[in-house]
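Asker: model the following, please.
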Amino acid sequence: MKLSVRVIEGRNIPAMDPNGFSDPYVKLQLGKHKFRTKVVKKCLNPTWCEEFTFKVEDLKEELLVSVLDEDKYLMDDFIGQIKVPVSHVFDAKDKSLGTAWYSLQPKNKKSKNKDCGDILLTISFSQSNSFVDVQRLTDHITPTRKFSDSTIDSPSRFFSSPSRSPSPMKLEVVGSPKEEKFHAQTFAGRLAQMFNKNGDTVSNTSSRTPDLPEVVETDGPEISETNSDEESTSGCFEEMMKAMESRDQGSETPSNLPGGIILDQLYLIAPQDLNSFLFSPDSNFHRSVTESQGTTELQIGPWKLENGGESLKRGLTYIKGASRLVKATRGIEEQTYLKADGNVFAVFASVSTPDVPYGSSFKVELLYCITPGPELPSGEQSSRLVLSWRMNFLQSTMMKGMIEGGARQGLKENFEQYSNLLSQHVKTVDIKDIASSKEQVLATLQVEPQSDWKLAIRYFSNFTMLSTIFMGIYVLVHIWLATPSIIQGLEFVGLDLPDSIGEVIVCGVLVLQGERALELVSRFMQARAQKGSDHGVKAQGDGWLLTVALIEGSTVAAVDSSGFSDPYVVFTCNGKTRTSSIKFQKSDPQWNEIFEFDAMDEPPSMLDVEVFDFDGPFDEATSLGHTEINFLKANISDLADVWVPLHGKLAQACQSKLHLRIFLDNTRGSNVVKEYLTKMEKEVGKKIRLRSPQTNSAFQKLFGLPPEEFLINDFTCHLKRKMPVQGRLFLSARIIGFHADLFGHKTKFFFLWEDIEDIQVVPPTLSSMGSPIVVMTLRPGRGEDARHGAKTQDVEGRLKFHFQSFVSFNVAHRTIMALWKARALSPEQKVQIVEEESEAKNLQSAEEECEAKTLPTEESGSFLGLGDVSMSLVYSSVLSVPMSFFMEIFNGSELERKVSERAGCLNYSQSPWELDKADVYQRQIYYKFDKRVSRYRGEVTSTQQRSPLSDRNGWLIEEVMTLHAVPLGDYFNLHLRYQVEDVPSRSTGCNVQVFFGIEWLKSSRHQKRIAKNILSSLEDRLRVMFGVVEKEFALGK
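Answerer: Residues are numbered from 1 along each chain as shown. Coordinates of the predicted model:
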């Protein structure tokens, strides 16, 4: 019996590498069988989409799924694991656990990192196993086959089955010569022979190829004649789609592949019809595309239901037309449906071209995703087709960059033809037309009329009210029929007390029942008073106008004993709320209500949506689910018609969703940016220049922001973690972002101004290189995507970010505080901060005096990014000192102090060398210039990295310097590279080469002048430094 495990994706994987990312892969083990997925580089939410099959020998075994981080030179880091007993799968309904998220657990309870992320798996038993295998499992009889743990049934099974079985450890033992010949004739067979020629390895093809089986390289209709141990289900395409829809149990839509999106377009067609047009066997569209691209000998295999009807696959082969660089070559494509629920369709395609150079080392993978588009004013349905891609390298190769670049260019050209041909058959929809029809779309919404009598009948038709009415009538009839009782005990005229324990109990029940009935009546009357007063209220003012249409809800959680709830929705944006009406006793409520928020000066960052159950105005409302709409991560056009899943225990258990239509318009046009900058200038006290479109475009591309986001200012600074990282801090109206690219290690993150709870300034210390530190504390649970940039996290989950060594600290601090106050604080908090600042003015004014002497700034220059720096040789000489003695100027010794003093460095301080990675050490340096070096007496913060040369015959010292309090110091960084080698021909000599380059952060018309001045000063400084080294060595002999 065989256990099928599909590894789909992971989320919230902790960062294990210094760059703030991980290189995760998954290892699976069941008994002696082991598999692993491919490695997803630099990703915390990886997508694998790989399937494996295990031969189950004992139901008492456990499936071990481990997630690890790949390290190139060291041992791979363990991230987390889960264990699934095979017996749980066997006892489950349909012998399948379905598709579910599993929380990864640490190896032991003492581990510091308790949050290991989640992994999405599909675990099930194959449905086509024989009765013999089932009987073997139930009787717990151990198999006696000699090679049961290392062989597969036949080569044909390897190619046609979606499972991932290991290749034979010894091919000559597995099958007949005929089978071996058949195995060798296929592309995957050649790979298997190449990797298994030593007889002791596992097939790389079976473990690396993500979703689809290999297709046999045969001509003509042999594709459909390939044998399979999975019984294929024949039938028409529509019936197969219905079968897939019935089996789809609310699985998530696959995320786009990391290679990028090559097609994203709306079409005037229903999703089901577009799916049939693209993938139905009766459609001629695929043949039309191949003919237009010069492709010949197209052979399309039939769709087949495999793995017990859980997967739908087909294979294609064709001859790709020759180009100027590549001759005509055979292509093998395999298509698999990952999702088909009637509205959303996802098809994964894996394309191999074994005849091209290095064709056996890679596959091109594509993901077709068809989703419902926004509803058009005409009432017609639309569909959105998104096509993404990635390269899957089966083997490492030095030509990886060239292969990926060629594939990208080829895909771009091919799918331009694909898109043009598709638009000739299916009409496209312009997103601008949808946005302009906002009024038409909203005008079609009609609020459901609510009759008070019908609502009352529906609300009060429950056991509590009916039983209360019955008991009340029963008591009244009893009073009418009964005669007055005799006064006895402590009774007197007008006071009739219970005469027994039974009467006391009955009276208590009547009182409690009456109280519950009055409570229901009171809640109904209070809820009727709240009739969605925010619905239809027009927004005031000009600026960014947010309009939200609440259409309906689906499977809202029930908290009442009746099995229903009384839901209403609260929308919150920029501290303002809008509340919907209450829907009585509804699990699928219909609202059709429109809410408008007053115009805002800057675009909103987040819209909070929460659904409550009404319990009366004085009781604490029960939350039925909540969600957030992030306008920085979502496309505005996609929000025009969207179903939003709700989060929370109740909502996730019921899979609750809300249907919303969200529109964000700017009624001021381009003036809104200028007006916002003018307002910020008054807060900062400094002129803020409007950035060019090129600068804003580069900023948006760097952080993946929407086009309406604009850059306000950026500053050079250090991010303080375990080791300070030099980079740039970017400030915009909605986010604060950091980007660094130091010695090939990239650090990038951003978070919202609303996420910040507090900003404090720590006075300068020796560890901060004499610079004040800006400490930003986020609210609990916020900024999870930026966790890798945080220095600490407190017990309540607040992340703390430390920024220091600003070139212009006062300007940076004032800009940060002004943007934070304008964005995230209430009026009371703003007054409190102003009072605190007036009481404690401890900021230094030395930098302001220095800035008054500097040249006018040129912030209008375009942002050039942090790319590679061109280095040139500026000094080369053989010094008459041993290399070990020369390296003392980089070890914090007395020699380093003397050299720095002679070179004009005052207050020189350095941190100790700390291990950054294997054989690479890093430290920080701070000093001030002497007056004879710079009349501005500027300051320098520097990061040095030391590593041995590749031949271990010398050292390489790389240095990145930032100049503070000098004219245009924030426009550039200086890069130095010291290469020190032993001279074999001399016992006391070393060869020293110094390379120099300037990294321009902003453009300036003074670039040549600045570079010439710095180069002249650097050459003089190097001669002085190395002269002191030779002199000190001569004196010490």
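Asker: now do the contacts for residue 300.
Answerer: Neighbour list for residue 300: 281, 286, 314, 316 [criterion: Cβ atoms under 8 Å, 6 or more residues apart in numbering]. For the C-beta atoms, the positions are set from N, CA and C on the backbone; glycine is no exception.
Asker: buried ones among the residues you listed?
Answerer: 286, 314, 316 (16 or more other Cβ atoms under 10 Å).
Asker: between those residues, which sits nearest residue 600?
Answerer: Nearest to residue 600, judged by Cβ to Cβ, of the buried ones among the contacts of residue 300 is residue 286 at 48.2 Å.
Asker: please name the nearest non-neighbouring residue to the closest one.
Answerer: Spatial nearest neighbour of residue 286, excluding adjacent residues (Cβ to Cβ, 6 or more residues apart in numbering): residue 300 at 6.8 Å.
Asker: and what of residue 316?
Answerer: residue 333 (4.4 Å).
Asker: that neighbour: neighbour count?
Answerer: Neighbourhood size, residue 333 [other Cβ atoms under 10 Å]: 21.
Asker: for residue 428, same thing?
Answerer: For residue 428, using other Cβ under 10 Å, the count is 15.
Asker: which ones are touching it?
Answerer: With Cβ under 8 Å, 6+ apart, residue 428 has these contacts: 265-268.
Asker: turn the residues you listed into a markdown table, including pLDDT and distance to residue 418.
Answerer: Formatted as a markdown table, the contacts of residue 428 follow (pLDDT from 0 to 100; distance: Cβ to Cβ, whole Å):
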| residue | pLDDT | distance to residue 418 |
| --- | --- | --- |
| 265 | 86 | 11 |
| 266 | 87 | 16 |
| 267 | 90 | 13 |
| 268 | 89 | 18 |
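Asker: identify each buried residue in whichever strand or helix holds residue 414, please.
Answerer: Using DSSP states H and E, the element containing residue 414 is helix 400-425. Using 16+ other Cβ under 10 Å as the test for burial, helix 400-425 gives 403-404, 407-408, 411, 414-415, 418-419, 421-422.
Asker: which residues in the stretch 751-900 of the chain form strands?
Answerer: 756-762, 773-778, 792-793, 799-804, 872-879 (DSSP state E, counting those that start in this stretch).
Asker: need phi/psi at the nearest residue to residue 310 once chain neighbours are set aside.
Answerer: With Cβ to Cβ, 6+ apart as the criterion, residue 310 has its nearest non-adjacent residue at 6.2 Å, and that residue is residue 247. Backbone torsions of residue 247, given as degrees, to the nearest 10, read phi -90, psi -20.
Asker: residue 247: neighbouring residues, count only.
Answerer: The burial count for residue 247: 19, using other Cβ under 10 Å.
Asker: ok, residue 809 next?
Answerer: 25.
Asker: how far away is it from residue 695?
Answerer: As judged by Cβ to Cβ, to the nearest Å, residue 809 and residue 695 stand 23 Å apart.
Asker: and residue 683, which of the three is it?
Answerer: On the three-state scheme (DSSP: H, G, I helix; E, B strand; the rest coil), residue 683 is labelled helix.
Asker: and it, what's its pLDDT?
Answerer: As predicted, residue 683 sits at a pLDDT of 72.
Asker: follow-up on the earlier one: now intersect the contacts of residue 300 with the helices, please.
Answerer: Using DSSP state H, the members of those that fall in helices are residue 286.
Asker: how about the contacts of residue 300 in TSV, adding pLDDT and distance to residue 986?
Answerer: Below are the contacts of residue 300 laid out as TSV (pLDDT from 0 to 100; distance: Cβ to Cβ, whole Å):
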residue	pLDDT	distance to residue 986
281	88	79
286	84	72
314	92	72
316	91	68
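Asker: can you put the contacts of residue 300 in a markdown table and add distance to residue 638?
Answerer: Output for the contacts of residue 300, formatted as a markdown table (distance: Cβ to Cβ, whole Å):
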| residue | distance to residue 638 |
| --- | --- |
| 281 | 32 |
| 286 | 28 |
| 314 | 30 |
| 316 | 31 |
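Asker: closest one to residue 68 out of the contacts of residue 300, please.
Answerer: Nearest to residue 68 among the contacts of residue 300, with distances taken as Cβ to Cβ, is residue 314, at 34.1 Å.
Asker: care to break this protein down by domain?
Answerer: 2-126, 238-432, 544-648, 671-833, 872-1036 (the TED database).
Asker: among these, which comes closest to residue 502?
Answerer: domain 544-648 (27.2 Å).
Asker: okay, now residue 584: neighbour count?
Answerer: 22.
Asker: quick check: beta-bridge partners of residue 100?
Answerer: On the basis of DSSP bridges, residue 100 is bridged to residue 121.
Asker: wait, it touches residue 124, no?
Answerer: No. Applying Cβ atoms under 8 Å as the test, residue 100 and residue 124 come out as separate, 11.3 Å apart.
Asker: circling back: so can I have a markdown table of the buried residues of helix 400-425 showing distance to residue 913 and pLDDT?
Answerer: Compiled in a markdown table, these are given as follows (distance: Cβ to Cβ, whole Å; pLDDT from 0 to 100):
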| residue | distance to residue 913 | pLDDT |
| --- | --- | --- |
| 403 | 39 | 85 |
| 404 | 37 | 82 |
| 407 | 43 | 85 |
| 408 | 41 | 83 |
| 411 | 46 | 86 |
| 414 | 52 | 85 |
| 415 | 51 | 88 |
| 418 | 55 | 90 |
| 419 | 55 | 89 |
| 421 | 61 | 89 |
| 422 | 59 | 91 |
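Asker: so which of the residues you listed comes closest to residue 321?
Answerer: Nearest to residue 321 among the buried residues of helix 400-425, with distances taken as Cβ to Cβ, is residue 414, at 10.6 Å.
Asker: which ones are touching the residue nearest to the closest one when sequence neighbours are not counted?
Answerer: Take residue 414 and drop its neighbours on the chain: the residue closest to it by Cβ to Cβ, 6+ apart is residue 293, 6.0 Å away. Residue 293 makes contacts with 320-321, 414, 417, as judged by Cβ under 8 Å, 6+ apart.
Asker: got CSV for those, with distance to residue 387 too?
Answerer: Formatted as CSV, the contacts of residue 293 follow (distance: Cβ to Cβ, whole Å):
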residue, distance to residue 387
320, 18
321, 21
414, 11
417, 13
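Asker: still on that earlier bit, the residue nearest to residue 316 - that's part of a strand, no?
Answerer: Yes. Residue 333 forms part of a strand when assessed by three-state DSSP.
Asker: ok, what's across the strand from it?
Answerer: In beta-bridge terms (that is, DSSP bridges), residue 333 pairs with residue 316, residue 351.
Asker: roughly how far apart are it and residue 741?
Answerer: From residue 333 to residue 741 the distance is 38 Å (Cβ to Cβ).
Asker: ok, residue 13 next?
Answerer: Taking Cβ to Cβ, one finds residue 13 at 23 Å from residue 741.
Asker: look at those two and report which has more neighbours.
Answerer: With neighbours defined as other Cβ under 10 Å, residue 13 and residue 741 compare such that residue 13 has more, 25 against 19.
Asker: for residue 69, see how far away that one is.
Answerer: Residue 13 is 8 Å from residue 69, by Cβ to Cβ.
Asker: quick check: neighbours shared by the two?
Answerer: 22, 24, 79.
Asker: could you turn the buried ones of the residues you listed into a PyMOL selection?
Answerer: In PyMOL, a selection of the buried entries from the shared contacts of residue 13 and residue 69 looks like this (16+ other Cβ under 10 Å):
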select buried, resi 22+24+79
